[in-house]
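can you look at this prediction? I've put the sequence above it.
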Amino acid sequence: MTAPATSSTRRKGTVRCAIYTRKSSEEGLDQEFNSLQAQREACEAFITSQRHEGWVCLPKAYDDGGFSGATMERPALQRLLADIAAARVDIVVVYKIDRLTRSLTNFAKIVEILDAKGASFVSVTQQFNTTTSMGRLTLNILLSFAQFEREVIGERIRDKIAASKKKGMWMGGVPPLGYRAHDRKLVIVDGEAEIVRTIFRRYAELGSVRLLKEELEARGIKSKSWTSASGRLIGGKAFSRGALYLILQNRLYRGEVVHKRQSHPGEHTPIIDQPLWEAVQAQLAGNAAERNSGTNTRQPSLLAGMLFDANGNRITPTHAVKQGTRYHYYVSRPLITNDQTEGSAALRIPAGEIERLVTGRVCRWLVDPGSIYQATRLSDPSTQRRLIARAVEIGKSWPELPATRQRAFLTAVIGRIEIGANQIDIHFRPTRLGEILDIAATPSSSATEEEVQILSVPVRLRRSGRAITMLIDGTDPFGAAAKPDARLIKLLIRASRLNAALVRSDGASFAALAEREGVSRSYFTRLVRLSYLAPDIKQAILDGRQPRDLTADKLLAHSRLPLAWNEQLTLLGFA
């Protein structure tokens, strides 16, 4: 098989071939003859067999040892893509397609880069041409199985972690304050353990996390610090209120290991004894109940201290009582101080609505692995995966979290929230996710500490007297409580099953397969086409994030969906 010739290739009669090899783990790479060398030899032999077509093997090696095929962040792959973009490579030769990538999304990106330079790639064991629509279709099917295999492996790993945690085992990462890891077990560090005991004892005495934070700062007591593999010092800062809440609720200190909100007896020695633990939890619960009480004006305000209006004025929580019912608001400072000069831009916002919008937008970000990966980019892939999994878990279970936990999380990851003329800008700090989720997250060298990402929510403002009220549409595009359409999901499942039957059919006609499945040929054909929907569309349907007018009947009516994913997104209303 030959690759499409670029203009330089036609002039010189030479097809420049780059060999890419990859191995997921580092095991065996120190051997004299390893997997990467075996892959390269097979590729070199294939290139030699195509010498009559002008194929020449480039001497530069593109070898990724110890990198997963699920990510594009591989050094050798990035060098290869750069050389393709610079028109220094005509064909990429790999031993198997899954050596290049195991992700359909990443595969589409790589093909786009290849197409832009008129390049192609060859699999030694699976000879396909990515320049034809049929070749891409076949490759997508193969990569679907590769991605399925990766997801099955991930499920096995998660099952193993769950089983290990049920036995009370420590599953790695940077140990929390008070412990160090030794032989895969947590061992108490006396100096740090005394700090933990101090935090618990003083909270039980003070009854306030705010007062506790101030006292720790006055005494110069700081969070746990450690040095990353790159020599970077992390931690060692003053405790935030969110971090203190997490410490006070961390059942590791009680000698337990938590998995999916289920506690199991741990192998490690507890730092906090039972009476002190129960006293602290009772105090936390009492504070939460007091804030939630209708008779107490200090009801929990999730966004207190974070909101600002267009003039930079702080927006503070307040309330009003009408006919015995208490209504909570966030109001700009000029309305409270009766400042006539700045009152023209002052805001008065129903507390429940603004809190719903902000938390909904944050949850949408948390359940999107791609957003988390782009914003955090950790140096350790396994830690990156744990961070993404924990963030998704928090996002999906947000409505079930106690108000204190929600407040602690938001204060840790949000710097400020600015309400402008037509949108809300949430200044989000994704680099703090690791600390708030109790995961040691070491950013890669390219990541910037305390980098702020703006999450926006569209709103409409309307003048009402001196104040400006915020109008919120009944349909919230950023709502966290998505409702999947059962008929759409059932349609996707059936389409996948019929496509699998087609793959196993050994050349049987559509009419015969349709008759075997008990459906018409037209219906069979339309369903099979749906199995090639873009992965983003499938995931949106599974999450319930599809456009509201996209029904099962409407999806079936598109009998000639384009194969290009970006065209599908536009046609079905996702773009």
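Perfect, thanks for sending it. Numbers count the residues shown, from 1 in each chain.

what about Glu41, neighbour count?
Residues lying near Glu41 (other CB atoms under 10 Å) number 14. Backbone N, C-alpha and C define where each C-beta goes, glycine included.

what helix or strand is it on?
Using DSSP states H and E, Glu41 sits in helix 35-49.

so which elements touch that helix?
Judged by 3 or more CB pairs under 8 Å, 6 or more residues apart in numbering; DSSP states H and E, the packing partners of helix 35-49 are strand 15-23, strand 55-57, strand 62-65, strand 91-94.

redo those as a markdown table? Include mean neighbour count.
Converted to a markdown table, these look like this (neighbours: other CB atoms under 10 Å):
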| stretch | mean neighbour count |
| --- | --- |
| strand 15-23 | 24 |
| strand 55-57 | 18 |
| strand 62-65 | 21 |
| strand 91-94 | 25 |
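
picking up where we left off before, buried residues in the helix holding Glu41?
Buried residues in helix 35-49, counted by 16 or more other CB atoms under 10 Å: 35-36, 39-40, 42-43, 46-47.

pick out the most distant pair among those residues.
Pairwise distances across the buried residues of helix 35-49 (CB to CB) peak at 18.9 Å, for the pair Ser35 and Ile47.

domain parsing for the chain?
What the record gives for the chain is the domain set 7-140, 179-292, 307-471, 486-571, from automatic domain parsing.

for Glu155, which of those is the nearest?
Taking CB to CB, domain 307-471 is the member of those nearest to Glu155, at 11.8 Å.

could you give me the average pLDDT of that closest one?
What domain 307-471 shows for mean pLDDT is 75.

show me where pLDDT drops low in the stretch 51-200 of the chain?
The model of the stretch 51-200 of the chain has pLDDT under 70 over residues 104-105, 127-136, 138-140, 142-143, 145-147, 149-150, 153-154, 157-173.

now the strands for it?
55-57, 62-65, 91-94, 120-123, 179-182, 185-188 (DSSP state E, counting those that start in this stretch).

which strands and helices lie in contact with the helix or strand Leu488 falls within?
Secondary structure from DSSP H and E places Leu488 in helix 486-503. With contacts taken as 3+ CB pairs under 8 Å, 6+ apart, helix 486-503 sits against helix 510-517, helix 521-530, helix 535-543, helix 552-557.

Ile417: which of the ones you listed is closest?
If we rank the helices and strands packed on helix 486-503 by CB to CB, the stretch that ends up nearest is helix 535-543, at 24.9 Å.

got the contact list for Val396?
Residue 396: Lys, not Val. Shown in contact with Lys396 (CB atoms under 8 Å, 6 or more residues apart in numbering): 363, 367.

separation between it and Thr316?
31 Å (CB to CB, to the nearest Å).

cool, and Glu567?
Counting by CB to CB - Glu567 and Thr316 are separated by 49 Å.

same check on Gly220?
31 Å.

and these two? Which one has more around it.
Per other CB under 10 Å, whichever of Gly220 and Thr316 has more neighbours is Thr316, with 16 against 7.

and the contacts of the helix or strand that contains that one?
Using DSSP H and E, Thr316 sits within strand 315-322. For strand 315-322, contacts defined as CB under 8 Å, 6+ apart pick out 297, 299, 301, 303-304, 307-309, 326-333, 336, 347, 349, 351, 419.

one more time with 6 Å, if that's ok
Applying CB atoms under 6 Å, 6 or more residues apart in numbering, the contact partners of strand 315-322 are 301, 304, 307, 309, 326-332, 347.

distance between the helix holding Leu488 and the chain's centre?
Relative to the chain's own centre, helix 486-503 is displaced by 27 Å; criterion: CA atoms, centre = their mean, to the nearest Å.

contacts only, for the residue positioned nearest the centre of the chain.
Geometric centre of the chain, nearest residue: Pro369, 2.0 Å, by CA atoms, centre = their mean. By CB under 6 Å, 6+ apart, the contact list for Pro369 reads Ile388.

want to throw the helices and strands packed on helix 35-49 into TSV with distance to Gln126?
TSV is the format used below for the helices and strands packed on helix 35-49 (distance: least, CB to CB, whole Å):
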stretch	distance to Gln126
strand 15-23	15
strand 55-57	18
strand 62-65	19
strand 91-94	9
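
for those, which one sits closest to Gln374?
strand 62-65 (20.3 Å).
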